[in-house]
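1. Need a 3D model of the following:
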Amino acid sequence: MNEFVVLGTVITTMNISLTKAPLHPAMIAIDGYLLVLCDLFENIDVHRHATLTTYEAESLHQLRISIRQARSVLREGRKVLPAELLRAMSEDLSWLSSITSASRDLDVLLEHWPQYERMMEPREVSRLQVIVREINNHHKEAYREMCAQLNGQRAIALINEWQVMMLDGTDFGSGGPDAYESLTSVVTRRLSRAQNKLVHLGHQLTVKSSDTEIHNLRKDVKKIKYLIESFEEIFILKRDQAIVSKLSEMHDLLGRFQDLRVHEDVVSDTLSYLRPMCDPTTISAIENLLENMHQKRKRLRKKVIAESLHV
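-> Residues are numbered from 1 along each chain as shown. Next up is the predicted model:
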């Protein structure tokens with residue numbers, strides 16, 4: 001491992017460089033899943049380092065994607081991967097996700113803030129600055145805490161150890177019932193089940209559906225998206241380009257809905273904290289912002305429900 005200093009912070013990096021061996025349709029499932037996870041942990045390491053050294057929101061975004069993709073591959077490999085590996089890696093990835101979520105949520109909120117200001121009357125925009133300052137303060141605190149965790153011993157050790165164990169071909173114990181089937185058969189079966197579930201959930205959505213039900217649809221869209229991206233080398237996707245394109249559109253639409261839901265909660269919580277310190281005109285402006293956000297989310301909800309019928 002190496003250490004160097006960036007803006008007064010000691011950043012620890014690993015000297016591991018992995019090149020993922022290509023997937024082959026005839027390889028057994030357990031080998032294919034381990035190759036994909038090995039590659040994803042290298043991506044996590046690269047984006048962790050970039051997040052700590054570049055201070056760019058995109059680096060954290062890519063780190064979050066790699067973590068979510070690895071968690072999805074792990075869940076879809078329940079009948080393939082050894083139970084001990086599933087348990088331990090799931091715990092580690094869940095922890096990595098938890099320490100990066102708050103900072104990323106606030107990144108996205110601040111990126112979207114100009115759009116929210118455009119929903120307001122010009123005279124009200126200046127009255128929102130008090131809440132912008134508070135959100136920026138929360139963002140700085142969340143970012144500092146995240147960096148401390150990402151550069152801490154636990155994060156460094158778990159990323160390093162998983163890479164080394166998979167690179168060395170560590171025996172993780174016996175795999176699940178599908179471990180020694182062909183990779184193509186297992187992944188195709190998982191993809192088919194995920195698509196069927198997605199269609200079912202999409203057709204079940206109505207105007208009375210809860211936010212949780214819409215979020216569940218988003219998770220299933222992500223499941224298919226990550227399966228295809230993780231194992232794209234063994235698929236011939238030309239005939240499915242229309243499906244892939246539709247999934248991408250749904251993924252973006254559902255992401256906008258979820259982001260807006262999170263942003264409403266952040267603004268509402270911040271208002272609760274600031275209310276005793278704010279004058280009535282400022283409180284009124286923030287409440288108007290929340291109402292505008294709520295109305296926008298209602299419109300997005302209708303669009304999600306309409307589009308889900310065509311998944």
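2. Helices along the stretch 201-311 of the chain, start to end?
-> According to DSSP state H, counting those that start in this stretch, the stretch 201-311 of the chain carries its helices in the segments 211-230, 241-274, 280-308.
3. Looking at those, which one is packed in the most?
-> helix 211-230 (a mean of 18; mean count of other Cβ atoms under 10 Å). Every C-beta, even on glycine, is put in place using the N, C-alpha and C of the backbone.
4. Contact partners for residue 146?
-> By Cβ atoms under 8 Å, 6 or more residues apart in numbering, the contact list for residue 146 reads 51, 60, 99-100, 102-103.
5. Can you classify it by secondary structure?
-> What DSSP: H, G, I helix; E, B strand; the rest coil gives for residue 146 is helix.
6. Then residue 96?
-> Three-state assignment for residue 96 (three-state DSSP): helix.
7. That one - how many residues pack around it?
-> Close neighbours of residue 96, defined as other Cβ atoms under 10 Å, add up to 24.
8. Who are the contact partners of it?
-> Taking Cβ under 8 Å, 6+ apart, one finds 44, 67, 155, 158 in contact with residue 96.
9. tell me which element the third one falls in.
-> Secondary structure assignment for residue 155, by DSSP states H and E: helix 153-167.
10. and that helix, how far out from the chain's middle?
-> With Cα atoms, centre = their mean, to the nearest Å as the basis, helix 153-167 stands 21 Å off its chain's centre.
11. who does that helix touch, helix- and strand-wise?
-> Counting contacts by 3 or more Cβ pairs under 8 Å, 6 or more residues apart in numbering; DSSP states H and E, helix 153-167 packs against helix 29-54, helix 83-118.
12. and the longest one, what's its mean pLDDT?
-> In this model, helix 83-118 carries a mean pLDDT of 95.
13. now swap in the first one and tell me
-> Model confidence over helix 29-54, given as mean pLDDT, is 94.
14. Please spell out which residues along that helix are buried.
-> Within helix 29-54, the residues that qualify as buried are 29-53, counting by 16 or more other Cβ atoms under 10 Å.
15. ok so, going back, just put the helices and strands packed on helix 153-167 in CSV and tack on distance to residue 192.
-> Formatted as CSV, those follow (distance: least, Cβ to Cβ, whole Å):
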stretch, distance to residue 192
helix 29-54, 15
helix 83-118, 22
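16. Looking at these, which is nearest to residue 225?
-> Checking the helices and strands packed on helix 153-167 against residue 225 by Cβ to Cβ gives helix 29-54 as the closest, at 14.2 Å.
17. mind checking how far that closest one is from the chain centre?
-> Taking Cα atoms, centre = their mean, the mean C-alpha location of helix 29-54 is offset from the chain mean by 14 Å.
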